[in-house]
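Q: what shape does this take:
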Amino acid sequence: MRRTLTRLVPLAAALVLAGCAAMSAEECRTANWRDQGYRDALAGQPRSHLGDIREACAEAGVRPSEPMYWEGWNQGIGQFCTPANGARWGRDGKSYHNSCPPELEMGFLARYRDGRTAWDAEQTLRRLQTEQGNKQRELDSTKDDNQRKRLREQLRDMDWRLRNARDDLDRAEWRLRQGY
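A: Have a look, this model is predicted:
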């Protein structure tokens, strides 16, 4: 077992590092730099992402066309940094990497925060529902009266917490809808 782990750890590390590269050597060689910049902007990549691309492509002996990349990125970032997209981005639980220029960031961030609040509330509700299900299964399987009494009390408390979590999610969703 230990010998197998010793062989798997370096392989796993190599796979993780390969997944971290901004672009593969083949992608660097065949890239349409304008399209790449556009896609990166729509994916919320910050301006600094080009440095990661430069580094990845240098290993392949390729130098990105920065003017073409910036032309695409500038077009895409205008589409990414909208209030509506901020709401979607936050509601999907995606991280924001400070990619929006100052003149677009305020509107994007306000709606992103609304979306992220709704996403966070939903995650809390799901976590509590899972916890409640686990407690219920524990109650169903125990025969000890003291343990059953304790679990019933915990389930009553869980009901209260779940009601509050549903209310929080409803308020967050309402606020999110008000911005459209």
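Q: show me how the protein divides into domains.
A: 1-80, 81-180 (automatic domain parsing).
Q: lowest-pLDDT helix or strand in this protein?
A: helix 2-20 (a mean of 40; mean pLDDT, DSSP states H and E).
Q: can you name the next helix or strand after that helix?
A: helix 25-30 (DSSP states H and E).
Q: CA atoms only for that following helix, dumped as PDB, please.
A: The C-alpha coordinates for helix 25-30 follow below in PDB (Å, rounded to 0.1, in the frame of the first residue of the first chain):
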ATOM      1  CA  ALA A  25       1.800  24.100 -25.400                       C
ATOM      2  CA  GLU A  26      -0.600  23.200 -28.200                       C
ATOM      3  CA  GLU A  27      -3.100  25.900 -27.300                       C
ATOM      4  CA  CYS A  28      -0.300  28.400 -27.300                       C
ATOM      5  CA  ARG A  29       0.800  27.400 -30.800                       C
ATOM      6  CA  THR A  30      -2.700  27.500 -32.300                       C
END
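Q: residue contacts, H49?
A: By CB atoms under 8 Å, 6 or more residues apart in numbering, the contact set of H49 is A22, D40. Any C-beta I mention is one placed from the backbone N, CA and C, and that applies to glycine too.
Q: at 10 Å instead, please
A: A22, Q36, G37, D40, A41, A43, Y69, W73, H97, S99 (CB atoms under 10 Å, 6 or more residues apart in numbering).
Q: next, the second one: secondary structure please.
A: The reference is to Q36. What DSSP: H, G, I helix; E, B strand; the rest coil gives for Q36 is helix.
Q: go ahead and confirm it touches S65.
A: Yes: between Q36 and S65 there is a contact at 9.3 Å, judged by CB atoms under 10 Å.
Q: those two: which has the busier surroundings?
A: Taking other CB atoms under 10 Å, Q36 and S65 do not tie; Q36 has more neighbours (25 against 15).
Q: identify the residue spatially nearest to that one, adjacent ones excluded.
A: Of all residues not flanking Q36 in the chain, Y69 sits nearest, at 6.1 Å (CB to CB, 6 or more residues apart in numbering).
Q: surely the one you found meets R34?
A: Yes: the criterion here is CB under 10 Å, and Y69 meets it with R34 at 7.0 Å.
Q: more neighbours: which of the two?
A: Between Y69 and R34, Y69 has the larger neighbour count (other CB under 10 Å), namely 24 against 18.
Q: contact partners for that one?
A: 31-38, 40-41, 49-50, 53-54.
Q: wait, doesn't G44 sit right on R88?
A: No: look at G44 against R88 with CB under 10 Å: they stay out of range, at 11.1 Å.
Q: joint contacts of the two?
A: Common neighbours of G44 and R88 (CB under 10 Å, 6+ apart) are K94.
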